[in-house]
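1. Here is my input, please return the structure:
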Amino acid sequence: MDIFYSIVGFFATGGLFMYPILLVFAVGSAIAIERYVTLHRMTTTNHRAWEKIQPVLIRGDFDKARELTAKDKTPIAQVLSMGLSLQGAVRRREDVEIAMEEKMMEIIPQLEKRTPYVALSSNIATLLGLLGTIMGLISAFTAVANANPAEKADLLSASISVAMNTTAFGLMVGIPLLVVHAVLTSKTNDIVDGLEGASVKMLNVISRNAKRQLQVAA
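-> Residues are numbered from 1 along each chain as shown. Below you'll find the predicted structure:
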């Protein structure tokens, strides 16, 4: 209970700027949780989809691969489906690669959306903490100017202590949000790397299959 009362007292003495910092923390946390759950689910579903598609590609059964990717709505299936739609219709590897890159350009913004707001929330919380401290110091010095000379030192030290609460709270909110933003960015990059890796592997399979067909025809 002592810890609870200490937290309540710390928040209550921080002033009005503690409330907007708390609101920023709530918004940033909500976005971070939604993004983490979405990216984690996407990572899992991409992995499952690739486990189904990869053996079919290795066998060179492109019709079956097209069937699997057409039914699957995961990002990796959508990218591969775009490439498979051109397999056999074109000879140039570059054409298939460009088609998949075009699909990735549509998917990547969906992976990154709202993530920058987590970093923005971190910066806003820190700046609000500093602003709250500055406003608190202004009020403190104004009050001290009209105070009894014997009480000025005690009054000033107490006022500064209270004013620094907003900076402390802003940093307590901003630092975790900044760390979470780094985690979300890392997970997004991992998904993009996975998409690019799967694309390259499929292109290699298509290229090898095309070479075998040319050798048989010759």
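2. use CA for all of it now, contacts and neighbours both
-> Noted.
3. Poorly predicted segments of this protein, please.
-> Regions of the chain meeting the criterion pLDDT under 70 cover residues 1-2, 4-5, 7, 88-91, 143, 145-159, 210, 213-218.
4. Over to residue 17: give its phi and psi.
-> Per-residue torsions, residue 17: phi -70, psi -10 (degrees, to the nearest 10).
5. Go ahead and confirm it touches residue 129.
-> Yes: counting by Cα atoms under 8 Å, residue 17 does reach residue 129; the two are 7.1 Å apart.
6. Neighbour count: those two, which is higher?
-> Neighbours per residue, other Cα atoms under 10 Å: of residue 17 and residue 129, the larger number sits with residue 129, 29 against 24.
7. can you tell me which helix or strand that one belongs to?
-> Take DSSP states H and E as the rule and residue 129 turns out to sit in helix 115-145.
8. Just give the closest residue to the most centrally placed residue in the chain, not the sequence neighbours.
-> Nearest to the geometric centre of the chain sits residue 184, at 3.3 Å (Cα atoms, centre = their mean). Once flanking residues are discounted, residue 184 sits nearest to residue 36: 6.4 Å by Cα to Cα, 6 or more residues apart in numbering.
9. Phi, psi for residue 60 please.
-> Dihedral angles phi and psi of residue 60 (degrees, to the nearest 10) take the values phi 80, psi 20.
10. What is the neighbour count of residue 99?
-> Should you count by other Cα under 10 Å, residue 99 turns out to have 18 residues around it.
11. how close does residue 179 sit to residue 186?
-> Remark: distance between residue 179 and residue 186 (Cα to Cα, to the nearest Å) = 11 Å.
12. rewinding a little: in a helix, the residue nearest to the centre of the chain, correct?
-> Yes: the assignment for residue 184 (DSSP: H, G, I helix; E, B strand; the rest coil) places it in a helix.
13. sorry, back to before: from residue 45, how far off is the residue nearest to residue 184?
-> Residue 36 sits 14 Å away from residue 45, taking Cα to Cα as the criterion.
14. rewinding a little: which residues does the residue nearest to the centre of the chain contact?
-> The contact partners of residue 184, taken as Cα atoms under 8 Å, 6 or more residues apart in numbering, are 32, 35, 36, 39, 115.
15. Check residue 185 too.
-> With the criterion set at Cα under 8 Å, 6+ apart, residue 185 makes contact with 112, 115.
16. now it: how far from residue 28?
-> Taking Cα to Cα as the measure, residue 185 falls 15 Å from residue 28.
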